[in-house]
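Novice: Predicted model, plus sequence, below.
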Amino acid sequence: MHIVAVSNMKTHLFKKLVLSNGLTVIFQPLNHAKSVSVYVAVGAGPRFETQKTAGLAHFLEHMLFEGTKNLPTSKDVAGYIEKIGGKSGAFTDKEYVMYYTKVKPNHLQIAIHYLFEILFNSALDPKAVEKEKGIVLEELKRKIDNPEVEIWDLWMEWVWGKNQALGRSTLGDAKTIKNVTRENLLLYMRNLYHPTNMVITIVGNFSLENAKRLLHESFETESKGKIPNFKTVHLIPQNDVIKTINNDTQQNQLILGLITGVFYRHKDCFPLVVAANILGGGVTSRIFHKLVYELGIAYTVATYVWEFKDTGLFLISGGFSKETEKAIKIILEELTKLKSERVSDKELNQIKEISKSNIYFYMETSDTMAHKYSAQYITEKRILTPDETAQYIEKVTAEEIQNVAKKYFTKQNLRLMIRGPSAKKFTKSFEKLLDDFS
């Protein structure tokens with residue numbers, strides 16, 4: 001075991017500990033905090049599934065709260081944390097699964113023991129598996145009933161296809177959910193739920209020596225394994241870059257996505273992040289202000305940069321009850337403008353301040369900091385503190401923004417999906433809008 005300080009930033013000094021079994025632990029003391037958060041990221045998720053096992057990562061996430069060897073029922077599991085006023089939960093991302101708990105500082109021992117119990121002593125009772133199928137199927141129905149959520153799965157499936165992991169829903173589908181067995185879950189855990197493939201982050205008001213001792217008492221299990229691999233994703237060639245789906249809703253939902261291929265740690269990550277904020281990073285941002293405040297044709301419009309280990313996306317989404325065609329025209333005009341004109345110093349400086357503030361505001365609490373560090377280390381094998389991230393943003397130039405816009409904002413990279421009550425009748429007009437976007 002060794003422990004080292006890995007950041008020179010005075011305001012965000014964290015330490016990294018590697019146990020003898022390969023488990024990585026990140027410590028971030030916050031002496032002013034009234035809580036301590038413990039997050040465990042597992043290098044699992046839909047990227048490590050096949051078509052037959054789609055949804056298994058998410059299903060297992062549910063099952064770990066259904067009972068353990070020492071906490072036999074779901075009520076026992078929940079009560080173990082709730083009886084001390086703590087909170088806990090989990091979620092499944094594309095490339096990792098996160099388990100977490102947040103407690104008062106004097107209950108760190110309970111928090112660590114709780115997470116060890118669900119991760120390494122889960123009962124996976126066959127009766128509970130059958131019961132959970134009904135719960136997850138209801139979650140699937142809820143997703144289908146929510147057009148703002150469902151369109152993301154439809155867009156990803158269209159772009160990547162169901163033969164690739166990124167093209168499949170995190171929830172799986174009704175067939176794969178019904179086919180889950182205890183044996184499937186055990187095999188998945190053996191392959192992925194081992195210390196070498198986990199990162200624990202502890203953030204808040206705690207004693208470093210006490211935390212190290214508690215980890216030795218629980219998580220220093222001898223179980224070891226290999227870091228898993230997954231198939232690299234490939235963009236499916238499309239004859240048409242527009243897909244329209246008629247749906248009985250009050251709004252047309254749209255996703256305009258550009259497949260950039262910009263993965264974690266790529267040199268173009270931060271210029272694209274700043275570009276996204278220029279377009280939709282605040283009330284005064286270009287697309288948001290025009291569509292929401294000036295024209296009043298949307299409640300909200302969002303821009304995102306979504307990175308993976310092997311590819312990346314630049315995304316614009318929104319919902320429009322009227323004038324969807326006008327909205328798309330404006331979005332395309334603003335994308336083109338970023339290619340043809342350099343951002344002014346005044347606008348760039350304002351966007352940089354917004355971008356940096358967003359980072360600092362998000363990372364103010366123990367749980368958000370623990371979440372960020374765990375997720376970043378399990379996917380990127382590094383941690384950027386808020387100060388370091390802010391430095392990268394500050395270095396972005398107007399020239400870099402224009403260069404990435406020219407490089408990635410092309411018709412070849414673009415995939416536009418519209419889903420709503422009047423989607424298909426606009427197909428030809430949407431195609432015409434894209435004629436001038438090269």
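Specialist: It's in. As the structure is a prediction and not an experimental result, all values here were calculated from the model. Numbering: from 1, shown residues only.

Novice: Please report the distance of the residue lying closest to Gly67 once chain neighbours are set aside from Ala90.
Specialist: Of all residues not flanking Gly67 in the chain, Ala123 sits nearest, at 4.5 Å (CB to CB, 6 or more residues apart in numbering). The C-beta positions use only the backbone N, C-alpha and C, and glycine is treated the same way. Distance of Ala123 to Ala90, computed by CB to CB, to the nearest Å: 16 Å.

Novice: The stretch 51-200 of the chain: helices as residue ranges?
Specialist: Under the criterion DSSP state H, counting those that start in this stretch, the stretch 51-200 of the chain contains helices at 56-63, 74-82, 108-120, 126-145, 147-160, 174-178, 182-192.

Novice: and the last one, average pLDDT?
Specialist: For helix 182-192, the mean pLDDT works out to 94.

Novice: and the residue nearest in space to the middle of the chain, what does it touch?
Specialist: Central residue of the chain (CA atoms, centre = their mean): Asp93, 5.3 Å from the mean position. With contact set as CB atoms under 8 Å, 6 or more residues apart in numbering, Asp93 has these partners: Gly45, Thr170, Ala375.

Novice: remind me which residues of the stretch 151-300 of the chain are low pLDDT?
Specialist: For the stretch 151-300 of the chain, the stretches flagged by pLDDT under 70 are 224.

Novice: Please verify my assumption that the residue nearest to Gly67 contacts Asn70.
Specialist: No. In this structure, Ala123 is not within contact of Asn70 by CB atoms under 8 Å, at 9.6 Å.

Novice: Identify the residues contacting Ile378.
Specialist: With the criterion set at CB under 8 Å, 6+ apart, Ile378 makes contact with Ala41, Val42, Gly43, Glu95, Tyr96, Met198, Val199.

Novice: my guess is it is in a helix, correct?
Specialist: Yes. Judged by DSSP: H, G, I helix; E, B strand; the rest coil, Ile378 forms part of a helix.

Novice: in what helix or strand does the spatially closest residue to it that is not a sequence neighbour lie?
Specialist: The spatial neighbour of Ile378 that comes closest, neighbours along the chain excluded (CB to CB, 6+ apart), is Ala41 at 4.0 Å. Per DSSP states H and E, Ala41 falls inside strand 36-42.

Novice: Run me through the strand neighbours of that strand, direction for each.
Specialist: When sheet partners are counted by DSSP bridges, strand 36-42 sits next to strand 97-103 (antiparallel), strand 198-204 (antiparallel).

Novice: Tell me which of the ones you listed is the most buried.
Specialist: strand 198-204 (a mean of 28; mean count of other CB atoms under 10 Å).

Novice: Which helix or strand lies directly C-terminal to that strand?
Specialist: helix 208-218.

Novice: domain ranges for the chain?
Specialist: By the assignment in automatic domain parsing, the chain contains the domains 2-218, 242-434.

Novice: among these, which is nearest Phe230?
Specialist: Evaluated with CB to CB, the domains of the chain place domain 2-218 nearest to Phe230, the distance being 4.5 Å.

Novice: The strand holding Ala41 vs helix 182-192, what angle?
Specialist: Interaxial angle of strand 36-42 relative to helix 182-192 (axes from the mean of the first three to the mean of the last three CA atoms, to 10 degrees): 100 degrees.

Novice: Averaged pLDDT, strand 36-42. What do you get?
Specialist: Strand 36-42 carries an average pLDDT of 98.

Novice: Between helix 108-120 and that strand, find me the angle.
Specialist: Using the same axes, to 10 degrees, the inter-axis angle of strand 36-42 relative to helix 108-120 is 20 degrees.

Novice: ok and strand 36-42 relative to helix 208-218, angle-wise?
Specialist: Strand 36-42 and helix 208-218 are oriented at 40 degrees to each other (the same axes, to 10 degrees).

Novice: Quick one: distance of strand 36-42 to the chain centre.
Specialist: Distance of strand 36-42 from the chain centroid (CA atoms, centre = their mean, to the nearest Å) equals 15 Å.

Novice: what's around Gln250, how many residues?
Specialist: By other CB atoms under 10 Å, 9 other residues sit near Gln250.

Novice: Looks like it contacts Ser321 (just checking).
Specialist: Yes. In this structure, Gln250 is within contact of Ser321 by CB under 8 Å, at 5.9 Å.

Novice: end-to-end on stretch 48-63?
Specialist: For stretch 48-63, the first-to-last residue distance is 18 Å (CA to CA, to the nearest Å).

Novice: List the buried residues of that stretch.
Specialist: Residues of stretch 48-63 classed as buried: 48-49, 53-63 (neighbour count, 16 or more other CB atoms under 10 Å).

Novice: Please apply the same query to stretch 120-136.
Specialist: Judged by neighbour count using 16+ other CB under 10 Å, the buried positions of stretch 120-136 are Phe120, Ser122, Ala123, Leu124, Asp125, Ala128, Val129, Glu132, Lys133, Val136.

Novice: show me the contacts for the closest residue to Ile135 other than its chain neighbours.
Specialist: In this structure, Ile135 finds its nearest non-sequential neighbour in His62, 6.8 Å apart by CB to CB, 6+ apart. Contacts for His62 (CB under 8 Å, 6+ apart) come out as Glu132, Ile135, Val136.

Novice: for the closest residue in space to the last one that isn't next to it in sequence, what are its contacts?
Specialist: I take that to be Val136. Nearest non-adjacent residue to Val136, counting by CB to CB, 6+ apart: Ile177, 5.2 Å away. By CB under 8 Å, 6+ apart, the contact set of Ile177 is Gly55, Phe59, Lys133, Val136, Leu137, Leu140, Leu171.
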